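In: Fold the following, please.
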Amino acid sequence: MKTILLVLTLALLAGCASKPPAAISKIPHDNPTLTRVRLDIDRFIGSEVRWGGVISKVENKADSTWIEIVRRELHNNGRPVSSGKSDGRFIASFEKFADPLVYVEGRPLTVVGTIVSRTSRPIGEYDYIFPVVSVEGSFLWKKQDSVPAYAYPPPYWYYDPWFYNPWPYRPHRHYH
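Out: Numbering: from 1, shown residues only. This is a model prediction of the structure:
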């Protein structure tokens, strides 16, 4: 019995541990934070990074595509954390065309690449200085759906009009 329990536990843990996709599996030895880079971008030109976040804007140019990303922390598998604070924005520069209908605003994206330059662009009336990352590998994540109110339907007696409920108000009876 203990052996079966141990095997099931190990199988469950192995299923929870996920590897990053091959395109973004390379983690640079000294992966600087965006906050550190923004203090002196010129010093970090040529540095390799693995950053991710949510897409803010897509701009196709004649020979490349610039995707503005609001940076977020990354999980162990490389997926950006869906909520929380951001330490700024950066531009991911792709050598190819990126369809704005695929790279939609708000979709999570992780890139691996090299910081090649800096650029200044307005966000509202504020001139923001962006580090530009030349992308070597990327992974566009599926947008996570919200978790439904109930994982399973309530028990059958929940709908019984004669079932005794000591609470004056019942929770909503619909699920998403």
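
In: the helices in the protein, which residues?
Out: Here the chain has its helices, by DSSP state H, at 2-16, 34-39, 41-44.

In: Could you check how far the residue nearest to residue 138 when sequence neighbours are not counted is from residue 126?
Out: Nearest residue to residue 138, sequence neighbours excluded (Cβ to Cβ, 6 or more residues apart in numbering): residue 111, at 4.6 Å. No exception for glycine: its C-beta is placed from N, CA and C like everyone else's. Shown here: residue 111 relative to residue 126, a distance of 24 Å by Cβ to Cβ, to the nearest Å.

In: next one: residue 80
Out: Between residue 80 and residue 126 the computed distance is 23 Å (Cβ to Cβ).

In: ok, these two, which is more surrounded?
Out: Shown here are residue 80 and residue 126; by other Cβ atoms under 10 Å, residue 80 has more neighbours (23 against 7).

In: so that one touches residue 55, yeah?
Out: No: between residue 80 and residue 55 no contact is recorded; they are 10.2 Å apart, counting by Cβ atoms under 8 Å.

In: My guess is the residue nearest to residue 138 contacts residue 24. True?
Out: Yes: the pair residue 111 / residue 24 is scored as a contact, 7.2 Å apart, by Cβ under 8 Å.

In: and the two? which has more neighbours close in?
Out: Between residue 111 and residue 24, counted using other Cβ under 10 Å, the more crowded position is residue 111 (26 against 23).
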